[in-house]
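*Asks:* Predicted structure and sequence below. I'll ask about it afterward.
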2 protein chains.
Amino acid sequence: MARYTSMEFLKYLVFEVHPIEILFNYDRYKHLDNEQAWMIIESAKLLADQEMFPYFKEMDQTPATYDGKGGVRTHPQIKRIIQLAAEQNWIGGAAKFEHGGMQLPEMIFNSAHHIFQSANNSTQGYLGLSTGSADLITSFGNAEQIATYVPPIYEGRWQGTMALTEPQAGSSLSDIVTSAAETNQGYYKIKGQKIFISGGQHDGVDNFVHLTLARIEGAPVGVKGISLFIIPKYTPEVDGSMRYNDVYCAGDFQKMGQRVYATTHLSFGDNDDCRGFLVGEPNKGLTYMFQMMNGARISVGQCAASVAMAAYQASLQYCMERPQGRTAGEKDPSKPPTLIINHADVQRMLQTQKAIAEGSLSLAMECNKLYDLVHASEGEEKDTHLLLLEILTPIVKTYPSEQGSRAASLAIQTLGGYGFTTDFPVQQLYRDLKIMSLYEGTTGIQSLDLLGRKVTINNGKALQLLLAAINETIDKAKLNVELKASADRLSKELNDMKKVLLHLNQYAIKGEIERYLSDATVFMEMASYLVIAWQWLKMANVAKEKIEAEDFKTNSKSFYEGKIHTMHFYFKYELPHAAACAETLINTSTLTNLQNLEMFF
Amino acid sequence: MARYTSMEFLKYLVFEVHPIEILFNYDRYKHLDNEQAWMIIESAKLLADQEMFPYFKEMDQTPATYDGKGGVRTHPQIKRIIQLAAEQNWIGGAAKFEHGGMQLPEMIFNSAHHIFQSANNSTQGYLGLSTGSADLITSFGNAEQIATYVPPIYEGRWQGTMALTEPQAGSSLSDIVTSAAETNQGYYKIKGQKIFISGGQHDGVDNFVHLTLARIEGAPVGVKGISLFIIPKYTPEVDGSMRYNDVYCAGDFQKMGQRVYATTHLSFGDNDDCRGFLVGEPNKGLTYMFQMMNGARISVGQCAASVAMAAYQASLQYCMERPQGRTAGEKDPSKPPTLIINHADVQRMLQTQKAIAEGSLSLAMECNKLYDLVHASEGEEKDTHLLLLEILTPIVKTYPSEQGSRAASLAIQTLGGYGFTTDFPVQQLYRDLKIMSLYEGTTGIQSLDLLGRKVTINNGKALQLLLAAINETIDKAKLNVELKASADRLSKELNDMKKVLLHLNQYAIKGEIERYLSDATVFMEMASYLVIAWQWLKMANVAKEKIEAEDFKTNSKSFYEGKIHTMHFYFKYELPHAAACAETLINTSTLTNLQNLEMFF
């Protein structure tokens, strides 16, 4: 079978770069050890090999389709995958024992989901949505809500979804108008339209649990008046029957990628009979939702990394098998063609993909680990992990999405004309990947979050923690002669970032918030280059240790040398662009506030 | 109707930035004037509005399909467009009067084709291929060949194609094996397989004229043994009948974009009855083919620019109509939402698209003009224009293809989730655009051509001419206080490029050709940033003149101010990345010549 991810690399991340074993010291995860962890992850590979990867292309060619009367037809394998994944605990496995889970750390659970994402990213979407929805109910719902909705989701019988976006509001959640009218019967009557609801209707499950943001009548304007509701498609009645809850699917968006993943338009309360069940307190919906949203952002970033990884694997395989042309120094046309991997430019394209895909996946694993530490620890320790996770979340969402598309484009490029044809998966991966920069807050939104909130949060504490974490890696690398120059370089880049922030702060201090934030996306780009450089330096540190200790039990010497090599590649070819971003950010001209719109013509 | 290009911008390019009127001083074009030129271009807009643009989405959804027995079915509108375009001289209009053309300069002809490319890029492909094929026959064929094949192509009854690529050889033309056995009956017997033959078979015409590269038996190995043949699908016989020439279409590649554009697999001589007619002399086929190839490279680059332009127009329209959210400085959620064009990040995305699309199109027009000057002039003047055109050709092919994809991605981004749906054209444009970096020599091939051939050609004469042309623009800009800083900046960048070349030359001098060329693509990226900066400075010079002269007959003051604005934007946001490329190029570590392939895992 074609490779779609690297189990060697995954093992390296989980056990060596971000050693999972420290988690097993905490009560929450003390029932596990390294061996079990890997066994569990490997079982996911089997599922993906057998049930997901073989359907990747076929699913692209049978998109989810609306039947014109409220239903969406998907590929039949979706239903089977949801059932098998549920049986094997890949929906509820990270939940606590008391909620029917296996209390797996995200490092294990999301390693499995990485495999699914690389094998068949749309399919993983259906699973991940259910997981996030059930988690949200578990965190903020009452005992009855948990008992009613969580088990059928974990059993793969019901699909959980998140219903935020409305046609008129888009990314601006403060403008949502879906309304909730209180009744005296323990529910609210819901009315409104939601669009882009992934998995909102399909034939792979029996019921849907829509976690929906709506505005209780009379609530304050803006985000402070938003509440969270559970709105099932069918409500379970006392007698065991299921009552249709007036949730109508009005359509399914057709898309350029993730075509088998239903993207629905839902209409609540067309017949004035849609019941919503309030989660937690009124007007706190957005705060609750952000738990799921933050998880989803990490997951989307990881998914982008995983799709880029799948593209890299397909590209690498092709380049190692395809003979074509001669190297630039070889002029004799009677010599046999060389494998294209021997062309310098092909190696450049492969290394770029590897640097992006593996760097991104390492960052995702860093975030998974922080997530686990947040959930396993308490007090100040927990706060520290949480702050670091918070500042990394917009970055792990964005870098893989943006640079992943570039990596997938290079994968196409290595295949030449074949890459553009449906005979090869790279073009599908390229199409699928483009959605990642839009899901769960666009790149623009993530960048505002990073510069506007996360950099300044707790008086800059999150940023300090991030810098400290990076400096720890730098200090270690400085001790090694082969890594020292890279460590120094990253140090210099961090200083340049501080200068950029000092420059931008002038505007913030003067209250020129719009100007402070105007190039947030460029700042995101710069910060991302540094954070990924950190991940590569971290990977190189570990590889160097293994080589020096001649410890090749887990992976080969070549594997470790390859990591150091790609670190150097990243520092030579990618990192220099951070300085270009810095130059833009320090330039004082304001060019993105045109009032005279005719100047766009 | 939705805008898919800007006629204002086209007028600005043709009459003000690259004034066409100097062409009318030459014999070849003296029958034309400005007024006629614009009238002719406008007639193309009407054709595109009525017959091309309305079918853009529909054609994507009805891809060319193979019928299993040698035929490829396309959308019926393709046939109609070919006929109408032929009637209106959009296949043969640039040919000399003596060959049935209107002797139009490319500046006019390709302005029309830009409109077609923006409106419906696959459709333009069918037309452009025929034009290039007929030109090639006219240039190198004998009188009988010209008389036989050119008129039916210009009349839209026959389709011209270029048949170069073979399954085993890909980009490496020296390895083609299609064979030609001489007979004593005025033709060669052809045998071989060609893939990725655009327009190689479809139901929009009656016959096909495949300009095919093949190897005469006993010819030298490599590119010096390649000959060019005319291989019609049906040969016209003396009695007026058409004889099937054993050219079988064995399949049609399905692709992620340009889906209505047939991409065929052709099999020549399965029944040992395929006749090829030698063009010109034996073994000079590749030289001849490069005439068509060079034209095709400019055309592909222009097409990428045009598709990026269409995406920009769709994006701009959406951003000017869509209200959403509030600007970063506005915290009051009870205020009505603003149009998204008022968000700084949206303006950044629009300006980036504009900088790429318009900068690319200006470069394409620069090349069209040089092409015309080459064909209108003689002697030393001709040589000068030709050298400049030669060094620009790989750049005009590459920058729009690579950066155009980024621009189209930003177009999707400005539409949010809608951009990913088939309800809007931007995703189709993004898919279509990706092929441009593969057609007619990939980005890697173009980059080898730039650094390996064009930079060194005639002892660096082409490069000197380019630098002189850029410096002329810089010198002019330096005289203006608002443009001076940008002029100085570009000057500095040119110096940095010279330093990079001096550095690389060390390897060339030592005969380390492989090392000299190893980062050719990074050099291409750097050079492209500078060349597009040149185009923007040139556009700004003209705009400044118009504003200072208060000459707003052709375009409004806002239009000209917008050009200066986007020039500044390009210099602030895009140009700094040239320095990042320079840093990579000057870094002496070699990281793209791994022998140990396990290091890629």
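*Replies:* Structure received.

*Asks:* Point out the residues in the stretch 251-400 of chain A that sit beside chain B.
*Replies:* A:253-257, A:263, A:316, A:320, A:322, A:324-329, A:333-334, A:337, A:341, A:343-351, A:354 (CB under 8 Å from any CB of the partner chain). No exception for glycine: its C-beta is placed from N, CA and C like everyone else's.

*Asks:* Any of those buried? List them.
*Replies:* Neighbour counting by 16 or more other CB atoms under 10 Å in any protein chain shown classes A:253-257, A:263, A:316, A:322, A:324-328, A:333, A:337, A:341, A:343-351, A:354 among those as buried.

*Asks:* Helices along the stretch 501-601 of chain A, start to end?
*Replies:* In the stretch 501-601 of chain A, the segments counted as helices under DSSP state H, counting those that start in this stretch are A:513-517, A:520-548, A:557-569, A:576-586.

*Asks:* got CSV for the ones you listed, with mean neighbour count, distance to B:Glu574 and mean pLDDT too?
*Replies:* Output for those, formatted as CSV (neighbours: other CB atoms under 10 Å in any protein chain shown; distance: least, CB to CB, whole Å; pLDDT from 0 to 100):
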stretch, mean neighbour count, distance to B:Glu574, mean pLDDT
helix A:513-517, 20, 21, 96
helix A:520-548, 23, 11, 98
helix A:557-569, 22, 24, 98
helix A:576-586, 21, 9, 98
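
*Asks:* all strands of chain A, in order?
*Replies:* Along chain A, the stretches classed as strands by DSSP state E are A:65-66, A:72-73, A:158-163, A:179-182, A:188-198, A:207-216, A:227-232, A:234-236, A:242-244, A:247-252, A:263-268, A:275-278.

*Asks:* Highest mean neighbour count out of those?
*Replies:* Among the strands of chain A, ranked by average contacts under mean count of other CB atoms under 10 Å in any protein chain shown, first place goes to strand A:158-163 (a mean of 27).

*Asks:* Next, count neighbours for A:Asp432.
*Replies:* The number of residues packed near A:Asp432 is 28, by other CB atoms under 10 Å in any protein chain shown.

*Asks:* now do A:Pro336
*Replies:* 7.

*Asks:* Per-residue confidence, it, what does it come out as?
*Replies:* Here the pLDDT value assigned to A:Pro336 is 91.

*Asks:* before we move on, what about the one 4 residues further on?
*Replies:* Confidence at A:Ile340, expressed as pLDDT, is 95.

*Asks:* I figured it hits A:Gln317, correct?
*Replies:* No: A:Ile340 sits out of contact with A:Gln317 when judged by CB atoms under 8 Å, with a separation of 11.6 Å.

*Asks:* among the buried ones among the residues of the stretch 251-400 of chain A next to chain B, which are in helices?
*Replies:* A:316, A:344-351, A:354 (DSSP state H).

*Asks:* residues contacting A:Gln347?
*Replies:* A:341, B:591-594 (CB atoms under 8 Å, 6 or more residues apart in numbering or on different chains).

*Asks:* burial of the residue in the stretch 51-200 of chain A that chain B sits nearest to, as a residue count?
*Replies:* As assessed by CB to the nearest CB, chain B sits closest to A:Ser172 within the stretch 51-200 of chain A, at 3.7 Å. By the measure other CB under 10 Å, the count of residues near A:Ser172 is 21.

*Asks:* May I have the phi/psi pair for A:Glu330?
*Replies:* Dihedral pair for A:Glu330: phi -100, psi 110, per degrees, to the nearest 10.

*Asks:* Now do it against B:Gly170, distance only.
*Replies:* 16 Å (CB to CB, to the nearest Å).

*Asks:* Between those two, which is the more surrounded one?
*Replies:* Shown here are A:Glu330 and B:Gly170; by other CB under 10 Å, B:Gly170 has more neighbours (23 against 14).

*Asks:* Tell me which residues touch the nearest residue to the more buried one once chain neighbours are set aside, please.
*Replies:* Leaving aside its sequence neighbours, B:Gly170 sits nearest to A:Gln324 (CB to CB, 6 or more residues apart in numbering or on different chains; 4.7 Å). Residues near A:Gln324 by CB under 8 Å, 6+ apart: A:337-340, B:169-172, B:175.

*Asks:* Please identify which of these is nearest to B:His385.
*Replies:* Of all those, B:His385 sits closest to B:Ser171, with 28.2 Å by CB to CB.

*Asks:* any idea how far that closest one lies from chain A?
*Replies:* 6 Å (CB to the nearest CB, to the nearest Å).

*Asks:* per-residue confidence at that residue?
*Replies:* We have a pLDDT of 83 for B:Ser171.

*Asks:* With A:Leu575 instead?
*Replies:* For A:Leu575, pLDDT reads 98.

*Asks:* Check A:Phe290 too.
*Replies:* 90.

*Asks:* TSV please, covering the strands of chain A and showing mean pLDDT and distance to A:Ala540.
*Replies:* Output for the strands of chain A, formatted as TSV (pLDDT from 0 to 100; distance: least, CB to CB, whole Å):
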stretch	mean pLDDT	distance to A:Ala540
strand A:65-66	98	48
strand A:72-73	98	47
strand A:158-163	97	38
strand A:179-182	98	53
strand A:188-198	97	37
strand A:207-216	98	42
strand A:227-232	98	44
strand A:234-236	96	54
strand A:242-244	98	56
strand A:247-252	98	46
strand A:263-268	98	40
strand A:275-278	98	51
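
*Asks:* Please consider this matter closed, and thank you.
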